[in-house]
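A.B. asks: Need the 3D shape of this:
(one chain, ligands or ions: 1)
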Amino acid sequence: MTEHVLVDRAQGLLTLRLNRPEKKNALTRAMYAALADALEQAQEDAELRAVLIRGDAQCFTAGNDLNDFLRAASSGLDDSVMRFMQALFECRKPVVAAVAGPAVGIGTTLLLHCDLVYVSRDARLRMPFVNLGLCPEYGSSLLLPRLLGPVRAAQLLMLGEEFSGEQAAAWGIANEALDDGEATLARAEAMARRFLSLPPEALALTKRLMRDPDRETLRRVIRTEGEEFVRRLRSPEAFAAMSAFMQGKKA
Ligand code: COA
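C.D. replies: As a prediction, this is how the structure comes out:
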């Protein structure tokens, strides 16, 4: 349990709201565990027909908490991150994401596993894995080159360049870019609610048919990326890059 993830189950919609605004919704172990628990329970709950993942109107998430990453260099990662990734990846119900403001690291890569994605035009998406001495995760090394082509994917994954919500929509990472954060949250919720009145079995089957052809390959890629990522977390390169970022914040 953590107050940093607000879980709401109402009228068939599971809403997972990231709620750590003072740290730009950076994800701690406890937050991953809360998200994983809610998604795992949703799988078994026939009353729940759709999932909405959101932050607030200013921020989606700054990605993994960098202090947790620094600690993981010595103590290792617990399984909460992987449990969350797996729960979202295996989710049979439709998942909608609402993204305003920063969406960093897993804040961007998790979108590749959602069914519908709404962004604010000025959202700031970024995957600075290399910049932090790390490597791509959550299937992004496979999914992004496929979606965007290898050269644009290299721009995002190798240089770690930021891109806007508007670009995300133009490139097919998001369905639509909205004028501001509030409009984005409203559109995402309205679209999630549209799933509630559709026949759930047909919906689940359609999602499965769309995703099954790649499932085994993706599982393998996610596992390999995860192993490399943990090795990178222990590397002097990553420690130096992440410490420099956190020191810069303190300075
Ligand atoms: N982990 C831990 N703390 C984080 C964090 C993260 N990933 N991202 C932001 N924070 C903290 C900052 O240290 C700061 O804390 P403080 O007020 O105690 O100093 C607070 O959140 C606000 O962040 P700040 O950087 O001042 O906000 P901003 O609006 O200028 O920038 C971001 C927002 C998200 C662009 C910027 O914080 C950022 O780049 N964060 C790091 C993202 C990252 O590298 N994530 C890991 C990806 S693998």
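
A.B. asks: quick one: the helices in the protein?
C.D. replies: Secondary structure of the chain by DSSP state H: the helices cover 29-44, 66-75, 80-89, 106-109, 140-148, 150-157, 165-170, 181-196, 200-233, 236-250.

A.B. asks: I'd like those laid out as JSON lines, including mean neighbour count and distance to Leu6.
C.D. replies: The way it works is simple: take the backbone N, C-alpha and C, and place the C-beta from them, glycine included. JSON lines is the format used below for those (neighbours: other Cβ atoms under 10 Å; distance: least, Cβ to Cβ, whole Å):
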{"stretch": "helix 29-44", "mean neighbour count": "19", "distance to Leu6": "9"}
{"stretch": "helix 66-75", "mean neighbour count": "16", "distance to Leu6": "20"}
{"stretch": "helix 80-89", "mean neighbour count": "20", "distance to Leu6": "16"}
{"stretch": "helix 106-109", "mean neighbour count": "26", "distance to Leu6": "17"}
{"stretch": "helix 140-148", "mean neighbour count": "19", "distance to Leu6": "27"}
{"stretch": "helix 150-157", "mean neighbour count": "16", "distance to Leu6": "30"}
{"stretch": "helix 165-170", "mean neighbour count": "19", "distance to Leu6": "23"}
{"stretch": "helix 181-196", "mean neighbour count": "19", "distance to Leu6": "13"}
{"stretch": "helix 200-233", "mean neighbour count": "14", "distance to Leu6": "25"}
{"stretch": "helix 236-250", "mean neighbour count": "13", "distance to Leu6": "26"}
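
A.B. asks: which residues touch the residue in the stretch 151-251 of the chain positioned nearest to the ligand?
C.D. replies: With Cβ to the nearest ligand atom, the shortest gap between the stretch 151-251 of the chain and the ligand falls at Lys249, namely 4.0 Å. Residues in contact with Lys249 (Cβ atoms under 8 Å, 6 or more residues apart in numbering): none are found.
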